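# can you look at this prediction? I've put the sequence above it.
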Amino acid sequence: MKKFIFSAVLALICVFILPLNALKADAAANYAKGYSGDKDLSGIYDQYGLFDSVEYEEINEMIDAYSELLEMNIVVFLPDSLYIDNSDYETEIFADDCYDEIFGEDTDGVFYYIDISGKSPAYDYLSTSGKAVLWYQDKIDDRTFEGFMIPHLPVSGEEIKAEQIHEAITAFCDFLMNQKNESKSFSRHYKDSSSGKVFYYKNGELYITRGNAPSTVIFITFVSFLIGIVISLITKACIKSHYKFKASTSPDVYVSKQKSQFSVQTDTFLRTHTTRTKIESSSSRGGGGGGHSHSGGHGGGGYHR
Amino acid sequence: MDAAEYKCPNCNADLKFDPTTQKLTCEYCESSYTVEEIREIYADLQIPQEQAQQQAAIEDDFAEHTNLYHCSSCGADIMAEEGQTALFCYYCHNPVILSGKLAGNFKPDKVIGFKITRDSALDMFKKWCEKRKFLPNDFKSEQQLEKMTGLYVPFWVADCDVKADYSGIGKNIRTWSSGGYKYTEIKEFQVERHGNIYVSGVPADGESKIEDLLMESIEPFDYGELKDFDMSYLSGFYADKYDVDKVAVFPRVKERVTKAGKDVMKSTFTNYNSVSPNLETYNIRSTKWQYMMLPVWFMSYKYGDKIYEFALNGQTGKLAGTPPLDNKKLNLFCIGVCAAVTLIGFLLGGTGII
């Protein structure tokens, strides 16, 4: 029994050393590129031509300042009417790809698409990359949009005013500054199902890898271990049952059919009962959905105005 | 008439006079006979003097040429031919000592000789072991195989005439659907079955040291090869002296005969979905006994605190036994399974497949 307990403890140790080793082994697979420090690429991309040069510079300076402060790329994109027919999905792909094109994949930054193309309903989308994924992913929801940017933006179909957009961009910068979650907890992670990339912190450093976050790997390993225990116990029970004594010979083999006979063997009909029950009917239905993929890992969320 | 002088013709237990029924009754098999019936039966069983003398001579010869060895460790009595020396007890593997000659009344009526040789028995045993991967290593060792012993096991074999009575209700159930309703029709029949079931050659070993179930598992023996007992059959083999008489084995025989009777009865109910009895009795009206030696290759193995027995029918080759389980091997295997599942989970989790 002592040996068994020793073996079991040893197996447990080995099992849990595996994922711990995995934590050390994946440094080479880190795609995170961080922030280049080039704040000039950050700023407003005004395809719509909403702002004059003074306003444009003023907003750019504000965005650059936040970019420097937060150490991440920040882009605010104002589409013109060429984007009016874009679906929500196409808008998301455009935001992710456009960010990657400007700054490169897996760099730290955000791309805010303010839909002033004239599409109705307008679809604003905030794409995050690098550390911004973990900083803002928990905050990007309808409540955030409505709490910060939406109060300043026009309702779909209304006239677009530069002051409103300016205020919305300022609110967006406030959001970036005040709503960031810089926690580098080991258990925090985000998985981009489109690219298959996972974002997490390890030893205070951002990691973007393919596969699962170490905390997820440990959890899966632990669950596998529990499943392994159950399978082992079932296996053990099955094997033990094969080591039990098998049933003895039936005494039926000793019955002499020639010498056995029934003097009375009658079957007399007595009665018939018939009952009926109503058949209950039931039905069910179900459905499904789809997805898309791109190479750079992104987080993000959108809002219909 | 003194009831204590008479034995039950059915099971050989003492008959007692029941004042209520005015009959001689047997407490073991619940048979009952009038005094006249018993007198008639015993008159038929009277053995002529000449035949009795001949019988006594046979028994004396058996006693003279049979050695009895006793195991002081487990108490087993081992019977061997005069020219053969028993060295160890095949139950507990301790040395045995010559304790004297065997009384003539232990002479069996019939015997079936060994048809399976020792080498064949060992091959069968090895094949049996091959299917079991978690046996202790020394269970298959040469030293252990040496303990395989050819043994004539004493058996009481009974032929029973059973009066079977069954009365009950048989039901046929039919279901169908129509017009949004499910219909169930139950037809009931009065089922009557009365008759005789003859169960022939039910064996029960007369050796208390061997598990009854083990012996039942290597049945049946082919009684077509039964021979009158002769000491020459024991040459090269061991034989047990019975220590359980037919009175003691009768309850086992009765249980098996009743089961056989029930199965025969059940086979007549194939037309019904279910049959529930109001009356169901199986009374053994008469039993014919034979005491015989049947061939068994026997091996016992002590593992931990338990003794595991293995038996192989020396006539048909049918084998049975409780295989010992090496818990260390099994636990290591289970740990391996657990580790493999965990590793698979880790690899799949690490690569992001799950």
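That came in fine, so what should we check first?
# so what's residue 138 closest to, chain neighbours aside?
Just going to use chain A. Nearest in space to residue A:138, with sequence neighbours left out and distances taken as C-beta to C-beta, 6 or more residues apart in numbering or on different chains, is residue A:181 at 6.2 Å. From N, CA and C alone the C-beta is placed, and that goes for glycine too.
# please go with chain B instead
Excluding the flanking residues, the one nearest residue B:138 by C-beta to C-beta, 6+ apart is residue B:144, at 5.9 Å.
# and the one you found, what's its pLDDT?
For residue B:144, the pLDDT comes out at 83.
# A helix includes it, no?
Yes. Using DSSP: H, G, I helix; E, B strand; the rest coil, the secondary structure at residue B:144 is a helix.
# list the contacts for it?
B:138, B:299, B:301 (C-beta atoms under 8 Å, 6 or more residues apart in numbering or on different chains).
# burial count for the residue of the stretch 151-300 of chain A found nearest chain B?
The nearest approach of the stretch 151-300 of chain A to chain B comes at residue A:224, 2.2 Å away (C-beta to the nearest C-beta). The criterion is other C-beta atoms under 10 Å in any protein chain shown. On that basis, residue A:224 has 24 neighbouring residues.
# can you give me the strands for the chain?
Because you didn't say which chain, this covers chain A. For chain A, applying DSSP state E gives strands covering A:43-46, A:73-78, A:109-113, A:123-129, A:189-192, A:197-202, A:205-210, A:255-278, A:298-304.
# wait, I meant chain B there
If you assign secondary structure with DSSP E, the strands in chain B sit at B:15-18, B:23-26, B:32-33, B:66-70, B:77-81, B:97-101, B:110-111, B:149-178, B:181-205, B:227-228, B:238-240, B:274-303, B:306-313, B:319-321.
# and the pLDDT at the nearest residue to residue A:132 once chain neighbours are set aside?
If you skip the residues right next to it in sequence, residue A:132 has residue A:110 as its closest partner in space, 4.9 Å away by C-beta to C-beta, 6+ apart. In this prediction, residue A:110 carries a pLDDT score of 94.
# kindly report the same for residue B:30.
Reading off the confidence values, residue B:30 has pLDDT 76.
# list the residues that contact it.
Listed by C-beta under 8 Å, 6+ apart, the contact partners of residue B:30 are residue B:283.
# that one and residue B:161, how far apart?
When C-beta to C-beta, to the nearest Å is applied, the distance between residue B:30 and residue B:161 equals 15 Å.
# got a list of what the residue of the stretch 201-350 of chain B found nearest chain A touches?
In the stretch 201-350 of chain B, the residue found nearest to chain A is residue B:345; the distance is 2.2 Å by C-beta to the nearest C-beta. Contacts here follow C-beta under 8 Å, 6+ apart; on that basis residue B:345 touches A:220-221, A:223-225, A:227-228, B:354.
# of the residues you listed, just the buried ones, ChimeraX syntax please.
Selecting in ChimeraX just the buried members of the contacts of residue B:345, where the criterion is 16 or more other C-beta atoms under 10 Å in any protein chain shown, is done with this command:
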select /A:220,221,224,225,228
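# chain A: helices as residue ranges?
Per DSSP state H, chain A has helices spanning A:2-25, A:53-70, A:88-103, A:131-136, A:142-147, A:162-178, A:214-242. These are given in chain order.
# distance from the centroid: which residue in chain A tops it?
Outermost residue of chain A with respect to the C-alpha centroid, by C-alpha atoms, centre = their mean, is residue A:263; its distance is 79.0 Å.
# do I have it right that it meets residue B:197?
No. Contact between residue A:263 and residue B:197 fails when scored by C-beta atoms under 8 Å: they sit 11.7 Å apart.
# check what pLDDT residue 196 gets.
You didn't say which chain, so I picked chain A. Predicted confidence (pLDDT) for residue A:196: 82.
# wrong one, I was asking about chain B
According to the per-residue confidence, residue B:196 scores 94 in pLDDT.
# can you name the residues bridging to it?
Per DSSP bridges, the residues bridged to residue B:196 are residue A:261, residue B:163.
# neighbours around it, how many?
15.
# pretty sure it sits against residue A:258.
No. Shown here, residue B:196 and residue A:258 do not form a contact pair, counting by C-beta under 8 Å, at 11.6 Å.
# spatially central residue for the chain, please.
No chain specified, so I'll use chain A. Judging by C-alpha atoms, centre = their mean, chain A has its centre closest to residue A:191, at 4.6 Å.
# the intended chain is chain B.
Nearest residue to the geometric centre of chain B (C-alpha atoms, centre = their mean): residue B:216, 3.5 Å.
# which residues does the nearest residue to the residue nearest to the centre of chain A once chain neighbours are set aside contact?
Nearest in space to residue A:191, with sequence neighbours left out and distances taken as C-beta to C-beta, 6+ apart, is residue A:198 at 4.6 Å. Residues in contact with residue A:198, defined by C-beta under 8 Å, 6+ apart, are A:189-192, A:208-213, A:216, A:297, B:352.
# ok, those residues vs residue A:151, which is closest?
Nearest to residue A:151, judged by C-beta to C-beta, of the contacts of residue A:198 is residue A:190 at 27.8 Å.
# quick check: bridge partners of the closest one?
Using DSSP bridges, the beta-bridge partners of residue A:190 come out as residue A:199.
# do residue A:45 as well
residue A:77.
# run a quick neighbour tally on it.
As a burial measure, the neighbour count of residue A:45 was computed by other C-beta under 10 Å and equals 14.
# repeat for residue A:184
With other C-beta under 10 Å as criterion, residue A:184 counts 15.
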